[in-house]
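Trainee: only the shape, not the letters, is given here:
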């Protein structure tokens, strides 16, 4: 019934949820003036999750992983599946005609790792055929098609949303890939933190491209506290830049480079521990800023100080979202001249989702991928060389 019904193209109401909050609020207010629309929207909002059966994505000459990234982030625009979403929903399971399967999740109520844990559970559940002993559920009601009436005003909002989402889609540059030369087991064999190792590799990759330090955000979970969400791990440090410079300095020995690497990793690991325990600085600064704004107080001068504004212009937005299954997560950069880099370190390989904005002349997802792969291999080789020297 559902498959037969989906053969008929309905009004692209879902594309309205791609809009920025102000535009979506106006369109939503207009949409639910019609009682039929309001009933359908209520059903969507009350549901636990959505399932989207997608048409093929537009041909973009991407790898399968990069194409999947775009399919799950934005759906491919008005020419693809962006209207086949409700982006306010926390979890939407996406099933493509080519067998691509994943999910789109809305960040507000959840961090990435709980979603990854759920994904592993579902994959294991399917692999183990865990539903084989369960009785079929007796349906009290057959699935019903949700009807929408499109007024002239709603149609105008849809046209505007199509234009806006296509602009966003065209601007998002993705290069998602599997790094197969080694995984976290090699890093652990060197008695180093895999997460810190990868963070320093990203710092090295950014520096070898741009030759300047890049403010670098990594999310730290503060779930140990009631209502805790995240704190910022600032991966760019004096030690990370010293390491990058040492790797690029032909006059440095391998032993000096390894020493610089270990100092950078130790610095990152120390900051990480402080952040997850609530001793970072960014959420504290945010809280003070919001208190001032909510009470009509003048913002302290530090918020407009060049050192503060530059250090909070996060050109690298990164996060480890680990799964046991062969999966990965991805998202867009935080800044126009930055990169997004989400990663899943597995025992013998690492999945990366790298993003940049196409319209910025200084950034390229492909260029960052190549620099990151080279940096990881450099770091592996310098460790291997010094280890052999000791033997």
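Mentor: Noted; the coordinates are in hand. None of the values given here were measured: they were computed from a predicted structure.

Trainee: burial of residue 64, as a residue count?
Mentor: Burial measure for residue 64: 11 neighbouring residues, criterion other Cβ atoms under 10 Å. Where you see a C-beta, it was placed from the backbone N, CA and C, and this is true even at glycine.

Trainee: what separation do you get for it and residue 176?
Mentor: When Cβ to Cβ, to the nearest Å is the yardstick, residue 64 and residue 176 sit 9 Å from each other.

Trainee: before we move on, what about residue 161?
Mentor: Distance from residue 161 to residue 176, by Cβ to Cβ: 26 Å.

Trainee: likewise for residue 350?
Mentor: To residue 176, residue 350 is 12 Å away according to Cβ to Cβ.

Trainee: do the same with residue 328
Mentor: From residue 328 to residue 176 the distance is 6 Å (Cβ to Cβ).

Trainee: show me where this protein has its strands.
Mentor: Using DSSP state E, the strands of the chain run over 50-54, 91-96, 101-105, 172-179, 216-221, 230-234, 316-320, 339-345, 350-357.

Trainee: what would the ones you listed look like in TSV with mean pLDDT?
Mentor: Conversion of the strands of the chain to TSV gives the following (pLDDT from 0 to 100):
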stretch	mean pLDDT
strand 50-54	94
strand 91-96	96
strand 101-105	95
strand 172-179	97
strand 216-221	96
strand 230-234	96
strand 316-320	97
strand 339-345	98
strand 350-357	98
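
Trainee: can I get these in CSV with distance to residue 29?
Mentor: Below are those laid out as CSV (distance: least, Cβ to Cβ, whole Å):
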stretch, distance to residue 29
strand 50-54, 22
strand 91-96, 23
strand 101-105, 24
strand 172-179, 28
strand 216-221, 33
strand 230-234, 32
strand 316-320, 32
strand 339-345, 32
strand 350-357, 31
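
Trainee: nearest to residue 276, of these?
Mentor: With Cβ to Cβ as the measure, strand 216-221 is the member of the strands of the chain nearest residue 276 (4.7 Å).

Trainee: show the residue spans covered by the helices in the stretch 51-200 of the chain.
Mentor: 64-73, 112-127, 152-171, 184-189, 194-210 (DSSP state H, counting those that start in this stretch).

Trainee: contact partners of the shortest one?
Mentor: With Cβ atoms under 8 Å, 6 or more residues apart in numbering as the test, helix 184-189 has contacts from 193, 194, 197, 345, 346, 347, 348, 350, 380.

Trainee: the third one - nearest residue in space that isn't next to it in sequence?
Mentor: So that's residue 197. Distances taken as Cβ to Cβ, 6 or more residues apart in numbering place residue 187 nearest to residue 197, at 4.7 Å, with adjacent residues excluded.

Trainee: for the second one, same thing?
Mentor: Beyond its immediate neighbours in the sequence, the residue positioned closest to residue 194 (Cβ to Cβ, 6+ apart) is residue 184, lying 3.9 Å away.

Trainee: same check on the last one?
Mentor: Take residue 380 and drop its neighbours on the chain: the residue closest to it by Cβ to Cβ, 6+ apart is residue 182, 5.9 Å away.

Trainee: before we move on, what's the pLDDT of the one you found?
Mentor: In this model, residue 182 is scored at 98, pLDDT.

Trainee: cool, residue 10 as well?
Mentor: As predicted, residue 10 sits at a pLDDT of 87.

Trainee: residues contacting it?
Mentor: residue 148.

Trainee: let's see 10 Å
Mentor: 83, 84, 145, 146, 147, 148, 150 (Cβ atoms under 10 Å, 6 or more residues apart in numbering).

Trainee: can you lay out those as TSV showing pLDDT and neighbour count?
Mentor: Putting the contacts of residue 10 into TSV (pLDDT from 0 to 100; neighbours: other Cβ atoms under 10 Å) gives the following:
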residue	pLDDT	neighbour count
83	97	23
84	96	20
145	90	12
146	93	15
147	94	12
148	97	18
150	97	16
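
Trainee: for residue 96, state which of those is nearest.
Mentor: The closest of the contacts of residue 10, once distances to residue 96 are taken by Cβ to Cβ, is residue 84, at 10.6 Å.

Trainee: next, the contact list for the nearest residue to residue 160 once chain neighbours are set aside, please.
Mentor: For residue 160, ignoring the flanking residues on the chain, the nearest one in space by Cβ to Cβ, 6+ apart is residue 23 at 7.1 Å. Going by Cβ under 10 Å, 6+ apart, residue 23 touches 16, 157, 160, 161, 164.

Trainee: and for residue 339?
Mentor: 173, 202, 205-206, 209, 214, 216, 314-318, 332-333, 354-357, 363-365, 367-369, 372.

Trainee: bridging residues for it?
Mentor: Beta bridges link residue 339 to residue 316 when assigned by DSSP bridges.

Trainee: pLDDT score for residue 326?
Mentor: Predicted confidence (pLDDT) for residue 326: 95.

Trainee: start the count at 59 instead of 1 going forward.
Mentor: Got it, first residue is 59 now, which makes that one residue 384.

Trainee: correct me if wrong: it contacts residue 407.
Mentor: Yes: Residue 384 lies in contact with residue 407 (Cβ atoms under 10 Å); the separation is 8.5 Å.

Trainee: give me the more crowded residue out of those two.
Mentor: More crowded of residue 384 and residue 407, by other Cβ under 10 Å: residue 407, with 15 against 11.

Trainee: ok, now which ones touch that one?
Mentor: Residue 407 makes contact with 236, 237, 238, 239, 240, 241, 242, 384 under the criterion Cβ under 10 Å, 6+ apart.

Trainee: separate out the buried members of those.
Mentor: 237, 240, 241, 242 (16 or more other Cβ atoms under 10 Å).

Trainee: and those as CSV, adding distance to residue 98?
Mentor: Shown next, in CSV, are the buried ones among the contacts of residue 407 (distance: Cβ to Cβ, whole Å):
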residue, distance to residue 98
237, 44
240, 50
241, 46
242, 46
